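J.: Prediction below, plus the sequence it came from.
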Amino acid sequence: MPRELAPPMTAPDDSTPTPAPDDPPPLLGAWRNLYALVLGNLALLIVIFWALTRSFNVGEGP
Amino acid sequence: MKTLDWVVLIGTIATIVGYGIYKTRNIATSADYLKGDGELRWPTIGLSIMATQASAITFLSVPGQAYEDGMRFVQFYFGLPIAMVIISAVFVPIYYKLNVFTAYEYLEQRFDPKTRVLGALLFMTGRGLAAGISIYAPAIILSSLMGWDLNATNLVLGAVVILYTVSGGSKAVSQTQKQQMVVIMGGIITAAIVIAYRLPDDVGVTTAATLAGAVGRMNVIDFSFDPDTRYTFWSGITGGLFLALSYFGTDQSQVQRYLGGKSVAESRLGLLFNGVLKIPMQFLILFIGIMVFVFFLFERPPVFFNQPTLDAAYATEHAPELERLEAEWTVAFEERKQTALALTAAEGSEAEAAAAAALQAAQVKMDGLRAEAKTVIKAAVPTAELKDSDYIFVSFVLRYLPTGLVGLLLAVILSAAMSSTASELNALGSTTIVDLYKRLFRPDADDRHILRASKVATAFWGGVAVAFATFAALLDNLIQAVNILGSIFYGVILGIFLVAFFVRRVRGTAVFCAAVVAQLGVVVLFFTMDIGYLWFNVIGCVWVIVLSLIIQAVLPPASDPPPKTQEV
């Protein structure tokens, strides 16, 4: 069902079904594992970029 | 442009816009219009978030930046995945729990109405101007190179965006952005393949990286603490985190993208999708610029990429000087080409280091001639903009890509312009109606009235954006001016939200006073001190947090009602 505009200065409408914040993610079981995956991906990219810089960037920067 | 290019360009844009209007033809309530039908899945949310951030300037400027400055700009995005995790864990559940339509609604529930209105006004000031730039920036470059009329380009681009954004609201924006991102990703991958194909036979991707690295353009990562270097690992992971938190967590043009999700989980996955893919996407766009640079090691590049400005300089008495420089440029290019060929042949051998040094020396000579040419152009045309890096990639596309692909790449640039502008208009319309009109003037208005008013507000902001884009040419250094304006407001907005989320004891009056004082302070700093404008984000944010704590400690305990919601 579409949600209506929240009236001003009122608490959240309890009759509107709000999703449970702790719904598990579809993979890896828990959100903290998914967050770790995203941060791990960042760490991996940084390592790859460092290796690329070390391997190729022999000249002085612009 | 050939007929096939026009067919590809108009066909792509018309299909996307038509699809967006068709898919959202039954919008009947203001909730559907402002937030979508709450059925968006994570791939649509993720693509929509990426499309909102990727403006036309991303595809015009970023490859040119890599051509001139190397790969280091990618470090600017290192804070983004961390911000995605924080927003997923903290911001999203609260926005969902409170069932808000705009981020600023939360500020009323946490603080009071005046803080909500302040947050909305700060957002609208910065974003309203940015919407004009989203149209103007690609229009000025494309009209200049293609010979299109600037005002007509502004008007057509603006009218197309207004058409589907006003018609279908938030859902139309998300649906079209999904298609636009497919075109954008397909276009840049195709461009990368074609550029690689256009390189000499013995120059593969690895050799291209070796050639670029010899002149310092494979500078992907820099761990130095040098404050004079704008893009380092440290500035990216700290400054980039601040900016990304503010942009994705509190800017309604982004918040609106994930508030339309089917559930908290879908919105989180959409954000994390962006957290995983954004850096590789930026890396690829930058690397396209590197490939264009390597391409021009073997094909003579223009001494100045903004051809209309160069033509204007040639029409003055400085023409002989430019002709002499062009002749020297040709000789220098031939020398550099020979050193590049020598390095290609020496790759992996003991002679590689000497060949790399020779290429670097040849590059320094060409850089000197280019700088000299810019000085002559400035003398010939005093009003000329000497930064021509935004013209590098599109000049390459127009001159060297095959028929059909030119139309596709222009569709990529215009898709990016439309996707970011649509999000901005959609967010500005929503904030105007939800946080100002309905909240302050028409709290009892029925849903049909709000739906109609939302469409009018979106069209109004579209008109403002087109008008601003039309008159933008009258201002100098416009893009930088708007970036500065954004930085002046972003820090204060982020400060308000961080206090809301993390500092339980601070109430509405304290944070409101702190935000007003911090905002005035940042404006005073801007006029009185010469500091990099990116620092305004940090200063504004920190001042709001510290001042609100001090003011709250001074205020009598019963001066404010307790917050209606919990913080984290």
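T.: Arrived safely, thanks for sending.

J.: Point out the residues in the stretch 351-500 of chain B that sit beside chain A.
T.: Residues of the stretch 351-500 of chain B lying near chain A by C-beta under 8 Å from any C-beta of the partner chain: B:353, B:356, B:359-360, B:363, B:367, B:434, B:438-439, B:443, B:447, B:450. In this view, the C-beta of every residue, glycine as well, is placed from N, C-alpha and C.

J.: Name only those of those residues that count as buried.
T.: Neighbour-count burial (16 or more other C-beta atoms under 10 Å in any protein chain shown) applied to these gives B:356, B:359-360, B:363, B:434, B:438-439, B:450.

J.: Serialize the residues you listed to JSON lines and add fields for secondary structure.
T.: Formatted as JSON lines, these follow (DSSP: H, G, I helix; E, B strand; the rest coil):
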{"residue": "B:356", "secondary structure": "helix"}
{"residue": "B:359", "secondary structure": "helix"}
{"residue": "B:360", "secondary structure": "helix"}
{"residue": "B:363", "secondary structure": "helix"}
{"residue": "B:434", "secondary structure": "helix"}
{"residue": "B:438", "secondary structure": "helix"}
{"residue": "B:439", "secondary structure": "helix"}
{"residue": "B:450", "secondary structure": "helix"}
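
J.: neighbours of the residue of the stretch 51-200 of chain B found nearest chain A, just the number please.
T.: Of all residues in the stretch 51-200 of chain B, residue B:93 sits closest to chain A, at 3.6 Å by C-beta to the nearest C-beta. A count of nearby residues for residue B:93, using other C-beta atoms under 10 Å in any protein chain shown, gives 20.

J.: Same question for residue B:264.
T.: Per other C-beta under 10 Å, the neighbour tally for residue B:264 reads 22.

J.: roughly how far apart are it and residue B:270?
T.: Separation of residue B:264 from residue B:270 (C-beta to C-beta, to the nearest Å) stands at 11 Å.

J.: what do you get for residue B:383?
T.: Residue B:383 is 44 Å from residue B:270, by C-beta to C-beta.

J.: So which of those two has more stuff around it?
T.: The residue with more neighbours, out of residue B:383 and residue B:270, is residue B:270; 28 against 8, by other C-beta under 10 Å.

J.: So the more buried one sits against residue B:51, correct?
T.: No. With contacts counted by C-beta atoms under 8 Å, residue B:270 stays clear of residue B:51, the gap being 11.7 Å.

J.: Now do stretch B:221-241: distance from first to last residue.
T.: For stretch B:221-241, the first-to-last residue distance is 17 Å (C-alpha to C-alpha, to the nearest Å).

J.: Please state the backbone phi and psi of residue B:261?
T.: Residue B:261 adopts backbone torsions of phi -70, psi 160, taken as degrees, to the nearest 10.

J.: mind listing what the closest residue to it other than its chain neighbours touches?
T.: Using C-beta to C-beta, 6 or more residues apart in numbering or on different chains and skipping residues adjacent in sequence, the residue nearest residue B:261 is residue B:267, 3.7 Å away. The neighbourhood of residue B:267, defined by C-beta atoms under 8 Å, 6 or more residues apart in numbering or on different chains, consists of B:42, B:45, B:88, B:92, B:96, B:258-259, B:261.
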